[in-house]
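>>> Kindly generate the corresponding structure for this input.
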Amino acid sequence: MKPIAILALVATLGVSASALCQPAPAAKDAGWTPLFDGKTLAGWRAFKSETPPAGWTVKDGVLARTGKGGDLMTVREFGSFELELDYKIAVGGNSGIMYRVITEGDAPYWSGPEYQILDNERHADAKNGPDRLAGSNYDLIAPSAAVSKPAGEWNTAKIVVAGNHVEHWLNGTKVVGYEFGSPAWTRMVADSKFKVWPTYGKAARGHIVLQDHGDVVEFRNVRIKELN
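The predicted structure follows:
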């Protein structure tokens with residue numbers, strides 16, 4: 001088609017010539033991989049078993065801890081990543097998301113720092129200090145802003161781990177930031193209950209764990225983007 005004819009067609013369609021020269025926008029979900037398919041527990045296991053524990057159910061695209069069984073852990077390990085998910089905690093409930101978990105030791109929290117999930121208004125642990133509130137780096141760093149939605153409502157969590165740099169986000173707000181191995185981190189751990197576990201916060205990569213704390217908690221839209 002001749003250039004004049006192309007311009008005439010553009011004018012007829014009401015599209016500017018410059019718009020035709022713009023590159024296509026990048027896919028919104030580029031680089032993201034679902035960790036939960038919305039239908040099964042494929043890709044998940046128990047901490048000390050290669051099969052998923054009891055107590056976790058899937059219904060209508062929601063992954064829920066509804067009974068006793070233990071923590072739910074990804075089959076895969078991750079080093080640097082962005083993790084996003086929605087969660088809903090039951091009234092009076094407690095749970096968490098641990099990362100860079102290794103299978104040495106008796107429990108995931110021996111090695112993996114925890115993004116706290118909590119009913120801030122009703123769970124007794126909230127009275128033990130702000131570093132126990134939703135979005136905190138559990139028992140170490142309090143969230144910088146009170147942006148948690150009440151129990152029974154969906155919250156959006158994001159965890160960024162890039163090398164030694166870590167961020168916790170809650171409902172679009174960055175609430176925690178720290179550096180593995182920094183002097184501040186080393187002092188915090190030395191003054192905490194985690195000091196008795198030498199693997200805590202030391203792994204360069206590991207599993208992601210959804211905590212069974214004995215309460216009902218629901219997750220959806222669980223996805224991850226690995227970082228170089």
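
>>> From now on I want contacts and neighbour counts done on CA atoms only, so please keep to that.
OK.

>>> Please enumerate the helices of the protein.
With DSSP state H as the criterion, the chain has helices at 3-13, 17-20, 183-190.

>>> what about the shortest one, average pLDDT?
Summarised as a single mean, pLDDT over helix 17-20 is 42.

>>> next one: the longest one
The average of the pLDDT scores along helix 3-13 is 43.

>>> do stretch 34-51 as well
Per-residue scores along stretch 34-51 average to 97.

>>> Then stretch 184-195?
97.

>>> What of stretch 123-139?
Across stretch 123-139, pLDDT averages out at 97.

>>> can you pull the buried residues of it?
Residues 125-126, 130-139 are the ones in stretch 123-139 that count as buried (16 or more other Cα atoms under 10 Å).

>>> which residues touch stretch 188-196?
Under the contact criterion Cα atoms under 8 Å, 6 or more residues apart in numbering, stretch 188-196 has outside partners 110, 139-140, 200.

>>> now that stretch, how far from the centre of its chain.
How far stretch 188-196 lies from its chain's middle: 23 Å, per Cα atoms, centre = their mean, to the nearest Å.

>>> Could you do stretch 209-221 as well?
Put simply, stretch 209-221 sits 12 Å off its chain's centre (Cα atoms, centre = their mean).

>>> and that stretch, which residues are buried?
Neighbour-count burial for stretch 209-221 flags 209-212, 214-221 (criterion: 16+ other Cα under 10 Å).

>>> Stretch 96-110 now?
Judged by neighbour count using 16+ other Cα under 10 Å, the buried positions of stretch 96-110 are 96-102, 108-110.

>>> go on, stretch 162-169?
By neighbour count with 16+ other Cα under 10 Å, stretch 162-169 contains the buried residues 162, 166-169.

>>> Including distance to Thr66 and pLDDT, could those residues go into TSV?
Below are these laid out as TSV (distance: Cα to Cα, whole Å; pLDDT from 0 to 100):
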residue	distance to Thr66	pLDDT
Ala162	32	98
Val166	30	98
Glu167	29	98
His168	26	98
Trp169	25	99
